[in-house]
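**Student:** missing the sequence, but the structure's below:
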């Protein structure tokens, strides 16, 4: 178990990542190749990823990357730098800029606690890390990037769910609304984890990173001196259509896609979030929100370059008999990833 200790100032500095972290997703997707655990939930991705790697001749690279990112209690922290929150390229640049002394220290630990060969120490040299960055970029393009919209839709839904909990009851309510693998017992967050340890935030706050490829157990950085991060499995909509006769009247009235849009808007959503959630183009999402707004079912407010859609009382009343909880599009109908 991981015990995360909060101070009052940590509560106001706790954040939910706005997008999937590309380097954490690379690391955790590599774990999906190393075990049968979670294979069924990721079956479609797994088949497509294997075919893509074959086409890009990444098979040998996969073995090398799995050595660096073992599904074990430890892999080097410098491979998942905080700069990746801004995107893949800033994250890769941070890997290249890691001081050699730190790279050497973390790789030596990797060799000690796993069966990684001592040859990985070659990454102390920047030229070797440049080769690694090229492989990571190719792997991301072939294996992770095709799923980025789906991953973002999951993060959008999770942020919407937690934001609503925060608005209803503050940070305490938000922390109590985290998935069951995390339990808020103030001032400590208990987390299902691969080992027993304590993480004291000491006023730095905590960044929660919902992850598409994380499976069951959250992950954190090994070095407690680094900016605190907790990566956890986000719930995903089931890709398989599930018949739900309670939605039939709403679908018949509005049409399947427009009913799905209305469900997503129940949690508050932008056009981009709607497009990802219901798998339509931004222009199509805008068309559906215009129709729903003209019908008095939603309202739209512009903030800078973003338009946020929410339900009107009429929209909420129409949706209420057909809902059993959070949006069926936004909440999980499958196992957590």
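**Tutor:** Happy to help now that I have it. Just so you know, these numbers come straight off a predicted model, no measurement behind them. Numbers count the residues shown, from 1 in each chain.
**Student:** What number of residues are in the vicinity of residue 296?
**Tutor:** For residue 296, the number of neighbouring residues by other C-beta atoms under 10 Å comes to 12. Where C-beta positions appear, they are placed from N, C-alpha and C, glycine not excepted.
**Student:** Can you verify my assumption that residue 80 contacts residue 25?
**Tutor:** No - contact criterion C-beta atoms under 8 Å: residue 80 and residue 25 do not qualify, at 9.8 Å.
**Student:** Where is the longest helix in this protein?
**Tutor:** Counting residues, the longest helix in the chain under DSSP state H turns out to be helix 148-176.
**Student:** Which parts of the stretch 151-300 of the chain are strands?
**Tutor:** With DSSP state E, counting those that start in this stretch, the ranges of strands along the stretch 151-300 of the chain come out as 182-185, 188-191, 197-200, 207-211, 219-220, 229-233, 269-270, 298-303.
**Student:** outside of the second one, which residues touch it?
**Tutor:** The contact list for strand 188-191, computed with C-beta atoms under 8 Å, 6 or more residues apart in numbering, reads 1-6, 175, 178, 181-184, 206, 218, 220, 230, 232.
**Student:** I'd say residue 208 and residue 15 touch.
**Tutor:** Yes - Residue 208 is within contact range of residue 15, at 7.0 Å (criterion: C-beta under 8 Å).
**Student:** okay, the closest residue to residue 254 other than its chain neighbours: pLDDT?
**Tutor:** Using C-beta to C-beta, 6 or more residues apart in numbering and skipping residues adjacent in sequence, the residue nearest residue 254 is residue 262, 6.5 Å away. pLDDT for residue 262: 88.
**Student:** how near is residue 262 to residue 271?
**Tutor:** 14 Å (C-beta to C-beta, to the nearest Å).
**Student:** give the contact list for the residue nearest to residue 291 when sequence neighbours are not counted.
**Tutor:** Distances taken as C-beta to C-beta, 6+ apart put residue 258 closest to residue 291, at 6.7 Å, once the chain neighbours are dropped. With C-beta under 8 Å, 6+ apart as the criterion, the residues that contact residue 258 are 288, 291, 292.
**Student:** try 10 Å
**Tutor:** For residue 258, the contacting residues are 250, 251, 278, 287, 288, 289, 291, 292, 295, 297, taking C-beta atoms under 10 Å, 6 or more residues apart in numbering as the criterion.
**Student:** Need the pLDDT of it.
**Tutor:** With respect to pLDDT, residue 258 has a value of 90.
**Student:** Tell me how many other residues surround the residue nearest to residue 199 when sequence neighbours are not counted.
**Tutor:** Ranked by C-beta to C-beta, 6+ apart and with sequence neighbours excluded, the top spatial neighbour of residue 199 is residue 4, at 4.9 Å. Using other C-beta under 10 Å, residue 4 is surrounded by 25 other residues.
**Student:** does residue 4 count as helix, strand or coil?
**Tutor:** Three states are possible here, and by DSSP: H, G, I helix; E, B strand; the rest coil the one that applies to residue 4 is strand.
**Student:** ok, it touching residue 202?
**Tutor:** No - using C-beta atoms under 10 Å, residue 4 is not in contact with residue 202, being 11.3 Å away.
**Student:** thinking again about what came up before, and the longest helix of the chain, what's buried?
**Tutor:** Of the residues in helix 148-176, those scored as buried under the neighbour-count criterion (16 or more other C-beta atoms under 10 Å) are 148, 150-162, 164-166, 171, 174-175.
**Student:** That concludes my questions; thank you for your assistance.
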